[in-house]
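Peer 1: Got a sequence here, can you build the structure:
(chains A and B)
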Amino acid sequence: AQSVTQPDIHITVSEGASLELRCNYSYGATPYLFWYVQSPGQGLQLLLKYFSGDTLVQGIKGFEAEFKRSQSSFNLRKPSVHWSDAAEYFCAVVLSGGYNKLIFGAGTRLAVHP
Amino acid sequence: DVKVTQSSRYLVKRTGEKVFLECVQDMDHENMFWYRQDPGLGLRLIYFSYDVKMKEKGDIPEGYSVSREKKERFSLILESASTNQTSMYLCASSSLAVSYEQYFGPGTRLTVT
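Peer 2: Below is the predicted model:
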């Protein structure tokens, strides 16, 4: 069955440090991949998406993600974290067929130290 | 600007009560979704609707029902609330053309006592 794994439940970084959040998927074909962010008390906001083509995709708020087919990964990165990036981050994959259902990972909660 | 609103941010209900959670979107989207969010489990799909009066079960429909009488409104109903339905509920919508790009509401945190 298709699944999405985010190995890190919590991550803490210092403000200004670089960030990488991991995401691995289990899927037979090349999936559509997404990263969403949920700030405290808010709904989910789409950060970026990958469908095909260039494996390095740019998103909003200075985030980028790289699709690596050989590793079944779609890791999210940011070169310099800001305190406002503290939030929960969800990786998701589209289960194609039918109505393109999104399958979410369990999420990674990011804390940022000043 | 895209907007999905949910009727309540916080709700406290008693076991056995009938609970209605409402979601409204202003983007004329065909698809609407209800998710449940629990720590360590991410988001799980309860029900979705691809048209007025149409609905499909998601991964965890037990104990829930839905109603979509108008295109912009999608209601989640807990027929007889139980404590294990204490959770954060998120509504989302998407267009038919870009169905995988979902827009989310702020969520309703439901506590059943």
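
Peer 1: Can you list the strands that the helix or strand containing residue B:35 pairs with?
Peer 2: According to DSSP states H and E, residue B:35 maps onto strand B:31-38. Strand pairing for strand B:31-38, using DSSP bridges, gives strand B:42-49 (antiparallel), strand B:87-94 (antiparallel).

Peer 1: Now do the buried residues in it.
Peer 2: Using 16 or more other Cβ atoms under 10 Å in any protein chain shown as the test for burial, strand B:31-38 gives B:31-37. C-beta coordinates here come from the backbone N, C-alpha and C atoms, glycine included.

Peer 1: what's the closest of those residues to chain A?
Peer 2: Closest approach to chain A among the buried residues of strand B:31-38 (Cβ to the nearest Cβ): residue B:31, at 6.7 Å.

Peer 1: And the residue nearest to residue A:61 when sequence neighbours are not counted, its phi and psi?
Peer 2: Once flanking residues are discounted, residue A:61 sits nearest to residue A:47: 6.8 Å by Cβ to Cβ, 6 or more residues apart in numbering or on different chains. Dihedral pair for residue A:47: phi -90, psi -50, per degrees, to the nearest 10.

Peer 1: so residue A:47 touches residue A:58, yeah?
Peer 2: No: counting by Cβ atoms under 8 Å, residue A:47 sits too far from residue A:58 to count as a contact (10.0 Å).

Peer 1: So for these two, which sits in the more crowded spot?
Peer 2: Set residue A:47 next to residue A:58 and count neighbours by other Cβ atoms under 10 Å in any protein chain shown: residue A:47 wins out with 23 against 10.

Peer 1: how far away is that one from residue A:91?
Peer 2: For residue A:47, the distance to residue A:91 (Cβ to Cβ, to the nearest Å) stands at 10 Å.

Peer 1: same thing with residue B:107?
Peer 2: Distance from residue B:107 to residue A:91, by Cβ to Cβ: 19 Å.

Peer 1: More neighbours: which of these two?
Peer 2: More crowded of residue B:107 and residue A:91, by other Cβ under 10 Å: residue A:91, with 29 against 23.

Peer 1: Is that one bridged to anything, and to what?
Peer 2: Note on residue A:91: beta-bridge partners residue A:35, judged by DSSP bridges.

Peer 1: Export only the CA atoms of the helix or strand of chain A with the lowest mean pLDDT, formatted as CSV.
Peer 2: When each helix and strand of chain A is scored by mean pLDDT, DSSP states H and E, strand A:101-104 comes last, with a mean of 86. Presented in CSV, the C-alpha positions along strand A:101-104 are these (Å, rounded to 0.1, in the frame of the first residue of the first chain):
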residue,chain,number,x,y,z
LYS,A,101,-6.6,11.3,-2.8
LEU,A,102,-3.8,12.8,-0.7
ILE,A,103,-1.9,10.5,1.7
PHE,A,104,-0.1,12.4,4.5
